[in-house]
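S.K.: Just need the structure, nothing else, for what follows:
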Amino acid sequence: MVSLPFTRSLRFTTGTELELQLINRHDARLVDKADAVLADMENSQQIKHELTKSMIELNSSVHTSVLELHKELSFLARNVREVAWQHGCDVTGGGRHLDGDWREQVISDLQRHQNLAVRYGYITKMACVFGQHIHIGVQDGDEAIYLCHALIPYLPHLVALSASSPWLDGVDTSFSSSRFTGQNAFLNSELIENLYNWEEFTAFYNEMVDIGIIKSIKDIYWYVRPQPALGTIEIRICDMPLTIFHAAMLTGYSKILAQSLLANRVNIVKKHHAIEKYNIFNARRDGLQASYVSTLNNQRQPLASHMLHTVENLSLFTHNDEDNYVLQYIAKYVKKGANDSDRIRSMIKRAMDLNTVMERMRKMLLSAPKSYKK
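M.R.: Prediction:
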């Protein structure tokens, strides 16, 4: 068995990847100009190609402050926007284009993406969806595997908080987050397998490589997966929010959850995941209005109530102003009862055409609360 070393990271440092839509400035349609835009960018290590040529990915550096992370990602987005305008396009948030046609998407020229297109065919183009990936530093592989399990009950929180993909092909999906339909068709997706330490994961990884099911960690698409080369866990379930500020707050919330879970570590019980999958489905369907079933007592409650109770418990654990700010922001967001998908639907109900809504979304990307700006 080939060893799989796990790089030791400073605990609870954070990083974030943001997948942005590249749209035409005149009609707000997805446009395959990533090659031209990236060719003119200087931050080539932090601004990259993604699966299709209508996507651009921003990669933060490693941070101990999510407010500093927000500043860096905003700076990168402004740089992309400035160059994109020279090519007649712009970037926006949102988990899915409101009426983008998957058949029109062009796969990027990167060899990995071309290989995916050969293996998955039309699924690759249908995966032109836009997410936020959150990285949290851990000390070893055992911590990473523990968090891949321990975070599962809280994944519906992140789904409801980030949901921004209510429409597909110009039609209301009735879901708050429909992005999953472009992701879960890939092999090795959804929740972690029944693996409970780094030794078990390494054996699983080697077996999958030997059989030819995967070639690297990138072929494992779990909602939370370990990233041994980076020394992190990677949370992959979030839609790309409409604002970079909200994405930074989700990163902070995830970090606080991870801190609390490791500080109050309990044994992971081997069991089925039917209830957790049900909760994730409900969050995708109904967002902040979803119901939630506790795996501790099988009792049903509003997801918002579970989230607010969690925030209240976490507030007893936090010891710095930034974490307190993040939790206050999340609590206020939940109490308002409207996520990005609700905002998109509200604009459409006001008789705005989809192009106008996309234009509003574009303008929101770099916005932040007035209280924060002060």
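S.K.: just how off-centre is stretch 267-276 within its chain?
M.R.: In this view, stretch 267-276 has its centroid 23 Å away from the chain centroid, taken as Cα atoms, centre = their mean, to the nearest Å.
S.K.: Do a quick rundown of the helices in the chain.
M.R.: Remark: helices of the chain, listed N- to C-terminal, are 34-39, 66-86, 111-120, 122-126, 141-150, 155-162, 198-211, 244-263, 274-286, 303-315, 321-336, 340-349, 354-364, 370-373; assignment by DSSP state H.
S.K.: for the stretch 1-150 of the chain, which spans come out with low pLDDT?
M.R.: Counting by pLDDT under 70, the stretch 1-150 of the chain contains low-confidence ranges at 43.
S.K.: if you compare the helices of the chain, which one is most tucked away?
M.R.: Mean neighbours per residue, mean count of other Cβ atoms under 10 Å, is largest over these for helix 155-162, with a mean of 26. Using the backbone N, CA and C atoms, a C-beta is placed for each residue, glycine as well.
S.K.: Which neighbouring elements make contact with it?
M.R.: strand 232-239, helix 244-263, helix 274-286, helix 303-315, helix 321-336 (3 or more Cβ pairs under 8 Å, 6 or more residues apart in numbering; DSSP states H and E).
S.K.: Now that we have the ones you listed, can you turn them into TSV and tack on mean pLDDT?
M.R.: Putting these into TSV (pLDDT from 0 to 100) gives the following:
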stretch	mean pLDDT
strand 232-239	98
helix 244-263	98
helix 274-286	97
helix 303-315	97
helix 321-336	97
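S.K.: Ok, which of those comes nearest residue 346?
M.R.: With respect to residue 346, and counting by Cβ to Cβ, the nearest of those is helix 321-336 at 12.2 Å.
S.K.: picking up where we left off before, will you turn the helices and strands packed on helix 155-162 into TSV that also has distance to residue 198?
M.R.: As requested, these are arranged in TSV below (distance: least, Cβ to Cβ, whole Å):
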stretch	distance to residue 198
strand 232-239	12
helix 244-263	15
helix 274-286	22
helix 303-315	27
helix 321-336	28
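S.K.: Quick check: residue 185 touching residue 123?
M.R.: Yes: here residue 185 reaches residue 123: they are 4.8 Å apart, a contact under Cβ atoms under 8 Å.
S.K.: Figure out which of the helices of the chain is closest to residue 190.
M.R.: Between residue 190 and these, the shortest separation by Cβ to Cβ is 7.5 Å, and it involves helix 274-286.
S.K.: tell me the angle of that closest one relative to strand 232-239?
M.R.: Between the direction of helix 274-286 and that of strand 232-239, the angle (axes from the mean of the first three to the mean of the last three Cα atoms, to 10 degrees) works out to 50 degrees.
S.K.: Could you tell me the angle between helix 274-286 and helix 303-315?
M.R.: In this structure, helix 274-286 runs at an angle of 110 degrees to helix 303-315, with the same axes, to 10 degrees as the basis.
S.K.: Distance from the chain centre to helix 274-286, please.
M.R.: 16 Å.
S.K.: which helices and strands sit right next to that helix?
M.R.: When contacts are defined as 3+ Cβ pairs under 8 Å, 6+ apart, helix 274-286 packs onto helix 155-162, strand 291-293, helix 303-315.
S.K.: Export these as JSON lines, with columns for distance to residue 207.
M.R.: Formatted as JSON lines, the entries for these read as follows, by distance: least, Cβ to Cβ, whole Å:
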{"stretch": "helix 155-162", "distance to residue 207": "26"}
{"stretch": "strand 291-293", "distance to residue 207": "33"}
{"stretch": "helix 303-315", "distance to residue 207": "36"}
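S.K.: List just the one of those that sits closest to residue 359.
M.R.: Taking the helices and strands packed on helix 274-286 one by one with Cβ to Cβ, helix 155-162 is closest: 21.6 Å.
S.K.: ok, and what's touching the closest one?
M.R.: Applying Cβ atoms under 8 Å, 6 or more residues apart in numbering, the external contacts of helix 155-162 come out as 95, 132, 176-177, 223-224, 235, 237-241, 246-247, 250, 253-254, 276, 279-280, 282-284, 287-288, 290, 292, 303, 306-307, 310, 330, 333-334, 339-340.
S.K.: Of the helices and strands packed on helix 155-162, which is nearest residue 194?
M.R.: Proximity to residue 194 (Cβ to Cβ) singles out helix 274-286 among the helices and strands packed on helix 155-162, at 13.4 Å.
S.K.: Output that closest one as CSV, nothing but the C-alphas.
M.R.: Presented in CSV, the C-alpha positions along helix 274-286 are these (Å, rounded to 0.1, in the frame of the first residue of the first chain):
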residue,chain,number,x,y,z
ALA,A,274,-30.9,8.4,5.5
ILE,A,275,-31.9,11.1,7.9
GLU,A,276,-28.9,13.3,7.0
LYS,A,277,-29.6,12.9,3.3
TYR,A,278,-33.3,13.8,4.0
ASN,A,279,-32.2,16.9,5.8
ILE,A,280,-29.9,18.0,3.0
PHE,A,281,-32.6,17.4,0.4
ASN,A,282,-35.1,19.5,2.5
ALA,A,283,-32.6,22.4,2.7
ARG,A,284,-32.1,22.2,-1.0
ARG,A,285,-35.8,22.2,-1.6
ASP,A,286,-37.0,24.8,0.9
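S.K.: Now do that helix and helix 340-349, the angle between them.
M.R.: For helix 274-286 against helix 340-349, the angle by the same axes, to 10 degrees is 30 degrees.
S.K.: Can you tell me what sits against helix 274-286?
M.R.: Looking at helix 274-286 with Cβ under 8 Å, 6+ apart, the contacting residues turn out to be 152-153, 155-157, 159-160, 163, 174-178, 180, 190-191, 223, 237, 290-293, 295, 298, 303.
S.K.: Residue 139 and residue 146, how far apart?
M.R.: With the distance defined as Cβ to Cβ, to the nearest Å, residue 139 ends up 11 Å from residue 146.
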